[in-house]
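Asker: starting from these lines, generate the structure:
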Amino acid sequence: MKNTNTINKMHFNQKLRMYKKNPLSFFLLTITNLAAAITAAAIVFIVGYILIKGIPNIKLSLFEWKYNTTNVSLMPALINTLIMTFMSLFIAAPIGIFAAIFLVEYTRKGGRFVRIIRTTSETLAGIPSIVYGLFGLLLFVTALGWGYSLLAGAFTLAIMILPLIMRTTEEALMAVPDTYREGSFGLGAGKLRTVFKIVLPSAIPGMLAGIILSIGRIVGETAALIYTAGTVADVPDNLMSSGRTLSVHMYALTNEGLYTNQAYATAVALLVIVITINSLSAYIAKKLMKA
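Answerer: Prediction:
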């Protein structure tokens, strides 16, 4: 153990001397470390601030089944958030993954069609969420007659996260070495078997990263859901019922100005949900990689 620490220390000192000989490299190293420190400090500050302000305001009344102005329960919003997350992923994940497989495995690399699709998806990824909300209001709520409902909100969010899932899956597939494909073809496997048995399992970590990022966008979305899912603080009877998610619930409580403390408590619950879902996704990814 001591020998390892000594070797690591010597290696660090050697790299430090090398950086000091080149002022530009040393400057870039300092800037990189400073940026990493600022990022970590910002995350710690935000999470710490939410926990300090929110934990003292967590009460059992916040988890009652029915919402009213006395308990300001977040339970209906919590249920709606979980429903919205799984519905949106159920719609967007298969479409985004199979679209990425088609672009990477079944089209000519660098072709015109591929460039058009990538440009379109990148453009969609940069559109503000309120624009998606207005689109969902015009199409799903009004034109299709779904009204303010969880279904309208889920389809709107699915369109929002589709470019993200598609792009991250595409990058994960392109990161798989071509030797994997060539080895599979050399053993007599067909194209479809190679993709689903060799390429996809190797790309799972990158694909899961896109899904995790999508979950973060779903649970944190407000503007698009106000125009499509509505703000009813109740447990939905079905998918055609209106309902608010935790982020919309926080917005409503803060906007009213009467339940700021409960809004901080809701933020703690939202933070716990995101961490739990991300941990579960990472666990599933490890299991799939071992399999």
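Asker: quick one: residues contacting I97.
Answerer: Applying C-beta atoms under 8 Å, 6 or more residues apart in numbering to I97 gives the contacts 165-166, 169, 207. Every residue, glycine included, has its C-beta placed from N, CA and C.
Asker: what's the answer for L187, then?
Answerer: If you count contacts by C-beta under 8 Å, 6+ apart, L187 has none.
Asker: any idea how far stretch 96-112 is from the middle of the chain?
Answerer: Distance, stretch centre to chain centre, for stretch 96-112: 22 Å (C-alpha atoms, centre = their mean, to the nearest Å).
Asker: can I get that stretch in PDB, CA atoms only?
Answerer: Below are the C-alpha coordinates for stretch 96-112, written out as PDB (Å, rounded to 0.1, in the frame of the first residue of the first chain):
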ATOM      1  CA  GLY A  96     -36.100   7.000 -30.100                       C
ATOM      2  CA  ILE A  97     -34.100   3.800 -29.700                       C
ATOM      3  CA  PHE A  98     -35.300   2.100 -32.900                       C
ATOM      4  CA  ALA A  99     -34.900   5.400 -34.800                       C
ATOM      5  CA  ALA A 100     -31.300   5.500 -33.600                       C
ATOM      6  CA  ILE A 101     -30.700   1.900 -34.600                       C
ATOM      7  CA  PHE A 102     -32.100   2.600 -38.100                       C
ATOM      8  CA  LEU A 103     -29.800   5.700 -38.500                       C
ATOM      9  CA  VAL A 104     -26.700   4.000 -37.300                       C
ATOM     10  CA  GLU A 105     -27.100   0.400 -38.500                       C
ATOM     11  CA  TYR A 106     -29.300   0.600 -41.600                       C
ATOM     12  CA  THR A 107     -28.400   3.800 -43.400                       C
ATOM     13  CA  ARG A 108     -25.300   5.000 -45.200                       C
ATOM     14  CA  LYS A 109     -23.000   6.900 -42.900                       C
ATOM     15  CA  GLY A 110     -22.800  10.600 -43.600                       C
ATOM     16  CA  GLY A 111     -25.700  10.300 -46.100                       C
ATOM     17  CA  ARG A 112     -28.100  13.200 -46.800                       C
END
